[in-house]
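Colleague: just coords:
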């Protein structure tokens, strides 16, 4: 079955359907990871987006029951150069096409993902619509141009946990504010001995402190950080009471709560191979990233010490405030998928307790 992708500027790509049939719209982005497509599909930070994988063969180790990053997939659509239908892995329980069909994800293969990636890098991310229907081109273009941009949508409420839950342990009590949590963040802290409680984003500062946490983590998540005004206000009331670790969207919200500004990147950072320099150690680490917004360095207040910088484009990748016992990092120290170079950040955070 034929599948098509149309961008808001009228550019059209054609391929073959390899998932659910129908139509899906979202911001079209690319991910440069060679592996980890299962984690990408279930990463809540991709809510509202159509993801194109740059690696040419996707699905070769199938889908397993251990590597899901959330309760369900959140991507709107999925694009590949070639989708493997005969996976080889001892943990595989189904093929990628089967998973896409079961979860109603419209997907396509057989198109030039390299050309799409180069186009997005040149023009920037834009709205797109992926379809298996025979809708006329003019109607598709009109439809995609009427869809809201990623900056206009409230996506956090779609991905946050509906109810609090806890992973029991005998160590310090870490409360994670779920803005679109990748479960591997919670798993990493739990494996380090922490008792981990994951809470909805709707809780107030007073309700959070009533849980008697030893530390707070602000998770990753989707969308424009400036839209999360309620969370920003909550953070201004919470900061200074407990050690805080911000990751990805959590990093951006901490910056906003402390008086800095954020802005939208041209095409974002998404993949498991992004070099970041640790300015405190004078070392470069390879990191896993997934974000379309960044913190404006020129707006950082003097009490925030910049600690990490992106080697490719110089953007802010981390800052901290020792007095507030605050560590904020733009990339994913838990790194699923990706390298585990930055696990030391969890150790430094827990040392504040």
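Modeller: Yep, that arrived. Just so you know, these numbers come straight off a predicted model, no measurement behind them. Numbers count the residues shown, from 1 in each chain.

Colleague: Report the separation between the spatially most central residue of the chain and residue 331.
Modeller: Centroid check for the chain by C-alpha atoms, centre = their mean gives residue 45 as the closest residue, at 3.2 Å. Residue 45 sits 12 Å away from residue 331, going by C-beta to C-beta, to the nearest Å. Just so you know, the C-beta spots here come from the backbone N, C-alpha and C atoms, and that holds for glycine as well.

Colleague: what do those two both touch?
Modeller: Shared contacts of residue 45 and residue 331 (C-beta atoms under 8 Å, 6 or more residues apart in numbering): residue 248.

Colleague: quick one: average confidence on the biggest strand by length in the chain?
Modeller: With DSSP state E setting the assignment, residue counts place strand 262-278 as the longest strand in the chain. Averaged over strand 262-278, pLDDT sits at 96.

Colleague: counting contacts, what elements does that strand pack onto?
Modeller: For strand 262-278, the elements it packs on are strand 23-31, helix 113-123, helix 249-257, strand 283-295, strand 305-310, strand 316-321, judged by 3 or more C-beta pairs under 8 Å, 6 or more residues apart in numbering; DSSP states H and E.

Colleague: what do you get if the cut-off is 7 Å, keeping everything else the same?
Modeller: Judged by 3 or more C-beta pairs under 7 Å, 6 or more residues apart in numbering; DSSP states H and E, the packing partners of strand 262-278 are strand 23-31, helix 249-257, strand 283-295, strand 305-310.

Colleague: How far away from the center of its chain is the first one?
Modeller: For strand 23-31, the separation from the chain centroid amounts to 14 Å (computed by C-alpha atoms, centre = their mean, to the nearest Å).

Colleague: what comes into contact with the next helix or strand after that strand?
Modeller: Next along the chain after strand 23-31, taking DSSP states H and E as the criterion, comes helix 37-41. Contact partners of helix 37-41, identified using C-beta atoms under 7 Å, 6 or more residues apart in numbering, comprise 31, 33, 46, 51, 53, 58-59, 63, 67-69, 73, 75, 78, 336-337.

Colleague: in helix 37-41, what's buried?
Modeller: Buried residues in helix 37-41, counted by 16 or more other C-beta atoms under 10 Å: 37-41.

Colleague: Stretch 56-63 now?
Modeller: Applying 16+ other C-beta under 10 Å to stretch 56-63 flags 58-63 as buried.

Colleague: Could you list the low-pLDDT ranges of the chain?
Modeller: Along the chain, segments meeting pLDDT under 70 span 336-339.

Colleague: phi, psi of the most far-flung residue of it relative to its centre?
Modeller: Here the chain has its C-alpha centre computed as a mean, and the residue farthest from that point, by C-alpha atoms, centre = their mean, is residue 136 with 33.2 Å. Residue 136 adopts backbone torsions of phi -60, psi 150, taken as degrees, to the nearest 10.

Colleague: just the one 4 residues further on next, same as before
Modeller: When read as degrees, to the nearest 10, the backbone of residue 140 gives phi -60, psi -40.

Colleague: what does residue 138 give?
Modeller: phi -60, psi -40.

Colleague: do you know how far it is from residue 91?
Modeller: Applying C-beta to C-beta, one obtains 46 Å for the distance of residue 138 from residue 91.

Colleague: Which residue of these two possesses the greater neighbour count?
Modeller: residue 91 (12 against 9; other C-beta atoms under 10 Å).

Colleague: which ones are touching the closest residue in space to that one that isn't next to it in sequence?
Modeller: Counting by C-beta to C-beta, 6 or more residues apart in numbering, residue 91 lies nearest to residue 64, which is 3.9 Å off, once chain neighbours are set aside. Taking C-beta under 7 Å, 6+ apart as the contact definition, residue 64 lies against 91-93.

Colleague: Would you tell me which one of those residues comes nearest to residue 239?
Modeller: residue 91 (41.4 Å; C-beta to C-beta).

Colleague: Work out for me the element that closest one sits within.
Modeller: Counting by DSSP H and E, no helix or strand carries residue 91.

Colleague: start at 156 instead
Modeller: Taking 156 as the first residue, the last one we looked at is residue 246.

Colleague: what separates it from residue 216, distance-wise?
Modeller: Counting by C-beta to C-beta, the separation of residue 246 from residue 216 is 8 Å.

Colleague: likewise residue 431?
Modeller: Distance, residue 431 to residue 216, using C-beta to C-beta: 27 Å.

Colleague: care to break this protein down by domain?
Modeller: Under the assignment automatic domain parsing, the domains of the chain span 157-307, 311-505.

Colleague: coming back round to it: pipe the helices and strands packed on strand 417-433 into JSON lines and attach mean neighbour count per row.
Modeller: As requested, the helices and strands packed on strand 417-433 are exported to JSON lines (neighbours: other C-beta atoms under 10 Å):
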{"stretch": "strand 178-186", "mean neighbour count": "23"}
{"stretch": "helix 404-412", "mean neighbour count": "26"}
{"stretch": "strand 438-450", "mean neighbour count": "21"}
{"stretch": "strand 460-465", "mean neighbour count": "19"}
